[in-house]
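> need a structure here:
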Amino acid sequence: MPGPSAVSPRPQGVRLGAALYNGDHSRLGDEIGRLEPAGLDFVHIDVFDGHFVPDIGFAPRTIAALRPLTKLPFEVHLGAAEPLRMVPSLVDAGVDLVLIHIECLPLPYEALRLARTYGCKIGLALTLGTPISHLGPVVSLVDSVLLLSRVTGEGAQGSFDPLVLARLRAVREMVDAIAGEVDIQAAGGVRRQHVSDLVAAGAATISIGGGIYGAADMAEAIAEMRIAAAGEAGDHG
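Numbering: from 1, shown residues only. Prediction:
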């Protein structure tokens with residue numbers, strides 16, 4: 001079973017992951033099996049409780065069943081009214097990184113200190129409407145920050161919102177100011193044409209859903225995105 005160390009960024013550039021929720025739910029095992037050969041770096045798994053957003057997402061038992069089918073890291077985007085109650089079961093299911101919505105944490109500092117004792121890497125997720133300033137007191141406690149790039153709850157019907165670009169730049173400045181090793185992620189409505197802008201704004205990790213699952217050739221789509229990401233990273237590296 002992959003350990004937390006698998007979450008560290010690719011030394012050769014931007015990490016690209018597949019948002020499993022956009023795959024075919026009638027054959028999840030096959031969908032998982034496609035990702036590593038296509039050149040993906042991790043699996044982005046949405047876990048919701050039906051309260052934070054209307055959807056439920058994937059249950060820990062489903063994640064546990066999928067875990068033996070790939071060596072790719074599992075990174076969970078967790079939107080739940082009581083997220084700390086779910087983290088231990090996700091760790092038991094083989095998850096490497098849990099990204100908890102800061103909107104679900106009345107006491108983020110205390111909650112993150114507790115979450116870090118559970119045995120996996122911990123990050124924070126923010127909706128488009130949550131001020132970046134909320135990260136300030138706690139950014140040094142996390143391994144990763146995920147900024148959503150479409151409106152929460154719209155699912156596959158939602159479109160990419162360029163508002164995320166300024167937010168990414170603000171988080172990058174915040175992380176640089178503390179000299180922290182915090183992975184900065186973006187997810188939600190991402191297509192090929194958005195990748196270079198996301199990387200230029202500071203994203204080191206990008207999750208893609210319909211942009212790859214809807215492609216005629218997943219490996220080709222990922223290769224094109226990686227070229228775009230590498231070019232932008234080279235221009236700013």
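> Low-confidence stretches in this protein?
Within the chain, the segments meeting pLDDT under 70 span 1-12, 152-158, 232-237.
> Now with 50, please.
Residues of the chain that meet the criterion pLDDT under 50 lie in 1-11, 237.
> residue ranges for the strands of it, please.
Remark: strands assigned in the chain by DSSP state E are 15-19, 42-48, 74-79, 97-101, 121-126, 144-148, 183-187, 205-208.
> Spatially, which residue comes closest to Tyr109, not counting chain neighbours?
Sequence neighbours aside, Val138 is the residue nearest to Tyr109 in space, at 5.4 Å (criterion: CB to CB, 6 or more residues apart in numbering). For every residue, glycine as well, the C-beta is placed using N, CA and C.
> ok, that neighbour touching Arg113?
No. The pair Val138 and Arg113 does not pass the contact test of CB atoms under 8 Å, sitting 9.3 Å apart.
> more neighbours, the two?
Legend: neighbour count by other CB atoms under 10 Å for Val138 and Arg113, higher for Val138 (18 against 13).
> List the contacts of the closest residue to Tyr21 other than its chain neighbours.
Among residues not flanking Tyr21 along the chain, Asp46 sits closest, at 4.6 Å (CB to CB, 6+ apart). Residues in contact with Asp46 (CB atoms under 8 Å, 6 or more residues apart in numbering) are Ala19, Leu20, Tyr21, Asp55, Gly57, Phe58, Val76, His77, Gly79.
> My read is that the fourth one contacts Asp49, right?
No. With contact taken as CB under 8 Å, Asp55 and Asp49 are classed as non-touching, separated by 9.4 Å.
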